[in-house]
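1. below is the structure, and that's it, no one-letter string:
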């Protein structure tokens, strides 16, 4: 058990809809990272927050947004969903804000767009 | 642009054999090179990691090697076991948090 909790585990919705994925980091970790894992593109870094502030940005679409709250949990909001957004979304956490630290992953949210 | 190239895409090894996975990177700003193991239905789990100032690191049956001049790093799994059957990802991180992952290697260890 990594200590990172992601909810929900599965999400099924339709095109055009909006969903929110939630992540609770490991106790003591201040950084949260979001990744997208799809069959044809592997693990893609989306965005990182550290202690409530955006710290690094990857290939995140404008339709996607994230935030980290004062209690350090994070939410990833996906809107105007398209079929191609179907993927596994992982959250990871680490103690600090540098990339050269171990990241601990949750078990992901599987998003299916019908 | 793919910045971390991982090979092979899939690997079949007999029990007791050595599994070898290689990764090559382009960005010389990378300063942390972790390996992750992922089982179906689970998130990636950190296996071992290496930094550019070290040429080799060993943890049990898992060894990672780093070649700075060739911009390559590798994972060796000694005495491979059926329980090692999983997908393995290499990754590279730059200072500031951004990580780039390889496309993964599906390892099958046959009994």
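-> Sure, I can see it. Everything numeric here is computed off the predicted structure, so don't read it as measured data.
2. get me the contact residues on chain A for chain B.
-> Those residues of chain A that sit near chain B, judged by CB under 8 Å from any CB of the partner chain, are A:2, A:4, A:31, A:33, A:35, A:42-45, A:48, A:50, A:55-56, A:58, A:90, A:92, A:97-108. In short, each C-beta sits where N, CA and C put it, glycine included.
3. from those residues, list the buried ones, please.
-> Taking 16 or more other CB atoms under 10 Å in any protein chain shown as the criterion, what is buried in the residues of chain A next to chain B is A:2, A:4, A:31, A:33, A:35, A:42-45, A:48, A:50, A:55-56, A:58, A:90, A:92, A:97-101, A:103-108.
4. confidence score at the spatially most central residue of chain A?
-> For chain A, the residue nearest the mean C-alpha position is residue A:34 (3.1 Å; CA atoms, centre = their mean). pLDDT, residue A:34: 96.
5. name the nearest residue to it, sequence neighbours excluded.
-> Spatial nearest neighbour of residue A:34, excluding adjacent residues (CB to CB, 6 or more residues apart in numbering or on different chains): residue A:46 at 4.2 Å.
6. touching, the one you found and residue A:74? I think so.
-> No. Proximity of residue A:46 to residue A:74 does not meet the contact threshold set by CB atoms under 8 Å, at 11.1 Å.
7. looking at the two, which is more packed in?
-> residue A:74 (25 against 20; other CB atoms under 10 Å in any protein chain shown).
8. gap between that one and chain B?
-> Using CB to the nearest CB, to the nearest Å, residue A:74 is found at 14 Å from chain B.
9. specify the beta-bridge partners of that residue.
-> As for beta bridges, residue A:74 partners with residue A:23, residue A:68 under DSSP bridges.
10. now swap in residue B:59 and tell me
-> According to DSSP bridges, beta-bridge pairing links residue B:59 with residue B:62.
11. these two touch, right, it and residue B:48?
-> Yes. The criterion here is CB under 8 Å, and residue B:59 meets it with residue B:48 at 5.0 Å.
12. these two: which has the busier surroundings?
-> Counted by other CB under 10 Å, residue B:59 and residue B:48 do not tie: residue B:48 has more neighbours, with 17 against 10.
13. before we move on, the earlier item: any common contacting residues for residue A:46 and residue A:74?
-> A:34, A:66 (CB atoms under 8 Å, 6 or more residues apart in numbering or on different chains).
14. before we move on, the earlier item: wait, the residue nearest to the centre of chain A touches residue A:23, no?
-> Yes. Between residue A:34 and residue A:23 there is a contact at 7.5 Å, judged by CB under 8 Å.
15. residues in contact with the residue nearest to the centre of chain A?
-> A:23, A:45-48, A:60, A:66, A:74, A:76, A:89-91.
16. closest to chain B among those residues?
-> residue A:48 (4.4 Å; CB to the nearest CB).
17. can you pull the contacts of the closest residue to residue A:113 other than its chain neighbours?
-> Of all residues not flanking residue A:113 in the chain, residue A:86 sits nearest, at 4.7 Å (CB to CB, 6+ apart). By CB under 8 Å, 6+ apart, the residues touching residue A:86 are A:38, A:111-113.
18. what's the helix or strand for the residue nearest to the centre of chain A?
-> strand A:31-38 (DSSP states H and E).
19. now swap in residue A:107 and tell me
-> Applying DSSP H and E, one finds residue A:107 in no helix or strand.
20. strands of chain A, start to end?
-> A:5-7, A:10-13, A:19-24, A:31-38, A:42-50, A:53-57, A:64-68, A:74-78, A:87-94, A:104-105, A:109-113 (DSSP state E).
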